[in-house]
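Peer 1: below is the sequence, then the predicted model.
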Amino acid sequence: MKIKGILALSLVLGLLVLPLLANKSAVSIEAPASVQAGEEATIIINVAHRGNSSLHYTRRLVVMANGKEIARWDFSPGHRPEAENFSREVKLKIEAETEIEAEASCNLHGSAGPASAKIKISG
C-alpha cells in the first residue's frame, strides 16, 4: 500500500512540476545585415525549447521571406527534432531588401512568438 501511495504522490508532483520546466518554442535568426543584389544569403534559424520527448516537442518551424513561406519543418512524436535546442539553415538569393521571419511552435505550449531580421542590399 505504501508503494502505491508513493507512486501516486510522485505522479501528482510530476504533473505539477513538469509544466514549470516546460516552455514555448522560441526562435532567433542569424542572417547577414546586407548582401550584394543577387547574392545568396545563408540564414540560420536557432530554436530553443525545453522538452523533446514523444509527449512534448517542437511541432513546427516555419521561415518566411517578405511574407512568403520559404522553408518549413513539421515534426511528430516519432520524428522529433534532434535535440531540445537545434538549428536549421536556409539559403536564399536576395534581390531586394528582404525581411526574414521565423516561428516555431511547441505541440503543447505553442510559440513564444516570431523573430525577424532584415537583409539590406549593399552597394
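Peer 2: Okay, I see it. Numbering: from 1, shown residues only.

Peer 1: how many neighbours does the nearest residue to Ile100 once chain neighbours are set aside have?
Peer 2: Spatial nearest neighbour of Ile100, excluding adjacent residues (CB to CB, 6 or more residues apart in numbering): Ala117 at 4.9 Å. C-betas here are computed from N, CA, C, even on glycine. By other CB atoms under 10 Å, the residues close to Ala117 number 17.

Peer 1: and if you look at Thr98?
Peer 2: By other CB under 10 Å, 20 other residues sit near Thr98.

Peer 1: quick check: end-to-end length of stretch 110-118?
Peer 2: Start-to-end span of stretch 110-118 (CA to CA, to the nearest Å) is 25 Å.

Peer 1: actually stretch 23-35, sorry about that
Peer 2: Stretch 23-35: ends 35 Å apart by CA to CA.

Peer 1: would you mark the buried spots in that stretch?
Peer 2: Buried positions in stretch 23-35, judged by neighbour count with 16 or more other CB atoms under 10 Å: Lys24, Ser25, Ala26, Val27, Ile29, Ala31, Val35.

Peer 1: show me what contacts Arg88?
Peer 2: By CB atoms under 8 Å, 6 or more residues apart in numbering, the contact list for Arg88 reads Ile44, Ile45, Val47, Leu61, Val63, Ala71, Trp73.

Peer 1: can you count the residues close to the fourth one?
Peer 2: Residues lying near Leu61 (other CB under 10 Å) number 22.

Peer 1: next one: the fifth one
Peer 2: Neighbourhood size, Val63 [other CB under 10 Å]: 21.

Peer 1: part of a strand, is it?
Peer 2: Yes. Counting by DSSP: H, G, I helix; E, B strand; the rest coil, Val63 is found in a strand.

Peer 1: identify the bridge partners of it.
Peer 2: For Val63, the residues forming beta bridges with it (DSSP bridges) are Ala71, Ala102.

Peer 1: CA atoms of the helix or strand hosting Ile100 as PDB?
Peer 2: Ile100 is part of strand 98-106 when elements are defined by DSSP states H and E. The C-alpha trace of strand 98-106 is given here as PDB (Å, rounded to 0.1, in the frame of the first residue of the first chain):
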ATOM      1  CA  THR A  98      14.200  41.200 -47.500                       C
ATOM      2  CA  GLU A  99      12.500  40.700 -44.200                       C
ATOM      3  CA  ILE A 100      13.000  37.200 -42.800                       C
ATOM      4  CA  GLU A 101      10.500  35.900 -40.200                       C
ATOM      5  CA  ALA A 102      10.700  32.600 -38.400                       C
ATOM      6  CA  GLU A 103       8.400  31.000 -35.800                       C
ATOM      7  CA  ALA A 104       8.400  27.600 -34.000                       C
ATOM      8  CA  SER A 105       5.600  26.000 -32.100                       C
ATOM      9  CA  CYS A 106       5.600  23.500 -29.200                       C
END
